[in-house]
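Undergrad: Sequence below, structure please.
(one chain, ligands or ions: 3)
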Amino acid sequence: MNTQTVNTLLAAIADVGQDAKRGGYSRPVYSNAEITLREWFIAEASRRGLEVCTDANGIIWAWWDMPGSAKDEASRRGALVTGSHLDSVPGGGAFDGPLGVASALAAYDLLAEREAAGTLVRHRALALTVFPEEEGSRFGVACLGSRLLTGAIDPAKALNLRDAQGNTFAEVARANGLDPARMGRDEVELGRIGDFIELHVEQGKGLNSEEYTDHAGRGPAIAVGDTILGHGRWRLSFSGQGNHAGTTLMTDRSDPMIAASQSIVAVRQIAAAQDNARATVGRVEPVPGGTNVIASRVDLWLDVRHPDDAVTAMLVEKIHGQAQKFAAFEGCTVNLTEESLSATVHFDAALTRSLSGSVRRLVPDAPLLPTGAGHDAGVLAAAVPSGMLYVRNPSGISHSPEEYVEDDDAAAGVLALADALEDLL
Ligand code: GLV
Ligand code: MN
Ligand code: MN
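TA: Ligands and ions are numbered 1, 2, ... in the order given. Reported below is the predicted structural model:
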């Protein structure tokens, strides 16, 4: 088996899920595109002789068992696990998720070569994983697979989530061969994770910040994850009186679009006034959504992040208060629903030290980097030692087609991941 580069692996899926309307990729979980990517991963892992299985929560595991092992629960307990996700945001980049999956396959190739050459002696199994619905772009809750696995979400709540077409997660899971009754915290699978490492494209300007760049303005290729900013998602649902755009006098309207748009501006103002806060409205849905129709309802999705979870709660309360004021003034009402909440994560200290030691042999100036982006590794961190590696993104842009990783940096990422895995195996 020849070693494959992460670039040739990613080139093979470059056509899957391209979004002609938005640009970039739209690969919602269990869409044709994401299923094609899952099949691609299973084929790549199987080609390598790894044993592939999909667990009750839809997480794919590809096992590199210990030589001569029984491939049973005992021999897989406490394994080293690495992976990421293949689903995307609407119109996302090529690297958010797939870089970690492709790097896991390419790092495995290096490790298998090292074992064959006798330079690697393993003490435990390695598994490569793919997590479903990391972005929450179809069912609203991010990291749904890892939340189910760890019990961070009640399966009953997860199964009732609906996509934009009204399908429940239970229906879609069943259609994809999963048994909704078996979903939820899985002690056996969790027990298999001794340590979890996720390699990911860096999603901001961290590695390109002045603090780390050299005289040519180039930052180090790799960083080690430090913390994940606490974050959550809420839905503000404004209700008013649906009516005719031509016959309804301007003084006669209860238009939820007005209260919603005033609230969007307030979100920006409230977050801007708070140090280290980030708040975004990236999705607005008017019902019924016609040019000549005053909406009867407008749903607005709110993403709020801050290192201090109490401050996040305070910001959401302030935003809700303002939204209530705007709604009342317009003769409308507003209802706030929490969709998901993740506290600030500090990655496992011992694992982070180990990752730093391994990576700095290759990239001596690799920093420890906090991130504002959520990850399955952050959800898993509550249950098992977890850590992350980030690969430099020269654009500093993510959740956009302009997200980018240079070939040399991707190659450095694979080497760093392989070395880090070797040290932990
Ligand atoms: C996922 O990428 C998130 O941070 O929302
Ligand atoms: Mn993402
Ligand atoms: Mn991601």
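Undergrad: Check which residues of the worst-scoring helix or strand of the chain on mean pLDDT are buried.
TA: Least confident helix or strand, the chain: helix 73-76 with a mean of 87, by mean pLDDT, DSSP states H and E. Across helix 73-76, burial judged by 16 or more other C-beta atoms under 10 Å covers 75-76. The way it works is simple: take the backbone N, C-alpha and C, and place the C-beta from them, glycine included.
Undergrad: From the contact counts, what lies against that helix?
TA: helix 187-192 (3 or more C-beta pairs under 8 Å, 6 or more residues apart in numbering; DSSP states H and E).
Undergrad: and the helix it packs on, which residues are buried?
TA: Result for helix 187-192 [16+ other C-beta under 10 Å]: buried residues 189, 192.
Undergrad: for the helix or strand following that helix, what is the average pLDDT?
TA: As assigned by DSSP states H and E, the chain's next helix or strand after helix 187-192 is strand 193-201. Strand 193-201 shows a mean pLDDT of 98.
Undergrad: Does anything pack onto strand 193-201? Which helices or strands?
TA: strand 79-85, helix 98-116, helix 349-362, helix 376-380, strand 386-391, helix 407-424.
Undergrad: what would these look like in a markdown table with mean neighbour count?
TA: What follows is the helices and strands packed on strand 193-201, written out as a markdown table (neighbours: other C-beta atoms under 10 Å):
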| stretch | mean neighbour count |
| --- | --- |
| strand 79-85 | 26 |
| helix 98-116 | 24 |
| helix 349-362 | 18 |
| helix 376-380 | 29 |
| strand 386-391 | 27 |
| helix 407-424 | 22 |
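Undergrad: hmm, who's touching the least confident helix or strand of the chain?
TA: 63, 65-66, 69, 125, 127, 188, 191-192 (C-beta atoms under 8 Å, 6 or more residues apart in numbering).
Undergrad: chain center to it, what's the gap?
TA: On the basis of C-alpha atoms, centre = their mean, to the nearest Å, helix 73-76 sits 28 Å off its chain's mean C-alpha point.
Undergrad: returning to what we had before: what's the most distant pair in the contacts of helix 73-76?
TA: 66 and 188 (18.0 Å; C-beta to C-beta).
Undergrad: how's the chain carved up into domains?
TA: 6-229+344-424, 231-342 (automatic domain parsing).
Undergrad: Just name the most buried of the ones you listed.
TA: Of all the domains of the chain, domain 6-229+344-424 carries the top mean neighbour count, a mean of 20, counting by mean count of other C-beta atoms under 10 Å.
Undergrad: quick one: that domain to chain centroid distance?
TA: Counting by C-alpha atoms, centre = their mean, domain 6-229+344-424 comes out at 9 Å from the chain centroid.
Undergrad: is ligand 1 contacted by that domain?
TA: Yes - residues of domain 6-229+344-424 are located near ligand 1 by C-beta under 6 Å from any ligand atom, namely 135, 142, 373-374.
Undergrad: In a markdown table: those, plus secondary structure and pLDDT.
TA: Output for the residues of domain 6-229+344-424 next to ligand 1, formatted as a markdown table (DSSP: H, G, I helix; E, B strand; the rest coil; pLDDT from 0 to 100):
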| residue | secondary structure | pLDDT |
| --- | --- | --- |
| 135 | coil | 97 |
| 142 | coil | 96 |
| 373 | coil | 97 |
| 374 | coil | 97 |
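Undergrad: got a markdown table for the residues you listed, with distance to residue 287 too?
TA: A markdown table is the format used below for the residues of domain 6-229+344-424 next to ligand 1 (distance: C-beta to C-beta, whole Å):
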| residue | distance to residue 287 |
| --- | --- |
| 135 | 24 |
| 142 | 24 |
| 373 | 30 |
| 374 | 28 |
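Undergrad: now, among those residues, which is nearest to residue 326?
TA: Nearest to residue 326 out of these is residue 142 (C-beta to C-beta; 27.5 Å).
Undergrad: Please, where are all the helices along the stretch 251-400 of the chain?
TA: Secondary structure of the stretch 251-400 of the chain (DSSP state H, counting those that start in this stretch): helices located at 256-272, 309-329, 349-362, 376-380.
Undergrad: Now the stretch 51-200 of the chain against ligand 1: closest residue?
TA: Proximity of the stretch 51-200 of the chain to ligand 1 (C-beta to the nearest ligand atom) peaks at residue 142, 5.3 Å away.
Undergrad: is it true that that residue touches residue 340?
TA: Yes - counting by C-beta atoms under 8 Å, residue 142 does reach residue 340; the two are 6.2 Å apart.
Undergrad: can you list residues touching both of those two?
TA: Listed as contacting both residue 142 and residue 340 by C-beta under 8 Å, 6+ apart are 136, 233.
Undergrad: picking up where we left off before, using CSV, please lay out the contacts of helix 73-76 together with distance to residue 395.
TA: Formatted as CSV, those follow (distance: C-beta to C-beta, whole Å):
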residue, distance to residue 395
63, 36
65, 40
66, 41
69, 43
125, 37
127, 32
188, 41
191, 40
192, 36
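Undergrad: which residues touch the residue lying closest to residue 323 once chain neighbours are set aside?
TA: Spatial nearest neighbour of residue 323, excluding adjacent residues (C-beta to C-beta, 6 or more residues apart in numbering): residue 263 at 4.3 Å. Taking C-beta under 8 Å, 6+ apart as the criterion, residue 263 is in contact with 236, 238, 281, 300, 319, 322-323, 326, 334.
Undergrad: ok, of these, which one's closest to ligand 1?
TA: Closest approach to ligand 1 among the contacts of residue 263 (C-beta to the nearest ligand atom): residue 281, at 13.7 Å.
Undergrad: any idea what sits nearest that closest one, other than its immediate chain neighbours?
TA: Nearest to residue 281 is residue 264, by C-beta to C-beta, 6+ apart, at 4.8 Å.
Undergrad: looking at it, that neighbour is touching residue 280, isn't it?
TA: No - the pair residue 264 and residue 280 does not pass the contact test of C-beta under 8 Å, sitting 9.7 Å apart.
Undergrad: ok, back up a step: ok, the residue nearest to residue 323 to residue 414 distance?
TA: 45 Å (C-beta to C-beta, to the nearest Å).
Undergrad: that older thread, can you tell which of the helices of the stretch 251-400 of the chain is closest to residue 401?
TA: Counting by C-beta to C-beta, residue 401 lies closest to helix 376-380 out of the helices of the stretch 251-400 of the chain; the figure is 22.9 Å.
Undergrad: Name the residues that touch the closest one?
TA: In this structure, residues lying in contact with helix 376-380 by C-beta under 8 Å, 6+ apart are 84-85, 131, 134, 143, 145-147, 149-150, 152, 193, 196-198, 225, 228, 342, 345, 347, 386-388.
Undergrad: Three-state assignment for residue 156, please.
TA: helix (DSSP: H, G, I helix; E, B strand; the rest coil).
Undergrad: could you list every residue that touches it?
TA: Per C-beta under 8 Å, 6+ apart, neighbours of residue 156: none.
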